[in-house]
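Novice: quick one, what's the 3D model for this:
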Amino acid sequence: MDYSDTLQKIHGVLSHKAAELEEQIARLERAKRDVEREQNLGIEEIRQILRPNLDESWTGSRAADFDEARDEAHTAMYRIFTDEYDRYIHKIDLKIFALDSEKGAVQAASWSADRADFLMEKGEEAVDALHSTINGLKGWLK
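Specialist: From the prediction side, this is the model:
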């Protein structure tokens, strides 16, 4: 196989990988927006748990028990919609960051492949540099 065929395959692999990473990032960003929307809806809903305020109109042991249970439910739901959702959103952000980093590496390899194309066009005087660049790209693809 000559350098031209090798470079063509390298460009194809890098292009495919870049598209794959873009799709994964887009899906994660959509998922993050969906989780954030759900979180906002949940926070709005848990505000309703404490309504109506019964302090003045309802007294006695049943009122106290109900109020305590209602406060516990509100606290539990609040923790879910803030702490747990925030942790999940953070995990999504970390994955997006990792994929963006990988996308940067693919982009750097693509630039290197473009340089190899340029060296190949130069002919005999650039054969050593071309060979070195292609071997580096092959190593990256493994």
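Novice: going by C-alpha atoms from here, please, whenever you check contacts or count neighbours.
Specialist: Noted.
Novice: I'd say residue 129 and residue 120 touch.
Specialist: No - with contact defined as Cα atoms under 8 Å, residue 129 does not reach residue 120; the gap is 9.2 Å.
Novice: the two - which one has more neighbours?
Specialist: Neighbours were counted for residue 129 and for residue 120 using other Cα atoms under 10 Å; residue 120 has more, 19 against 14.
Novice: specify the local secondary structure of that one.
Specialist: Secondary structure, DSSP: H, G, I helix; E, B strand; the rest coil: residue 120 is helix.
Novice: how about residue 59?
Specialist: Quick answer, by three-state DSSP: residue 59 is coil.
Novice: farthest residue from the center of the protein?
Specialist: Note on the chain: the largest C-alpha distance from the chain mean falls to residue 60, namely 51.6 Å (Cα atoms, centre = their mean).
Novice: next one: phi and psi at that residue?
Specialist: The phi and psi values for residue 60, taken as degrees, to the nearest 10, are phi 110, psi 180.
Novice: what are the buried residues along stretch 77-95?
Specialist: Across stretch 77-95, burial judged by 16 or more other Cα atoms under 10 Å covers 77, 78, 80, 81, 85, 86, 89, 92, 93.
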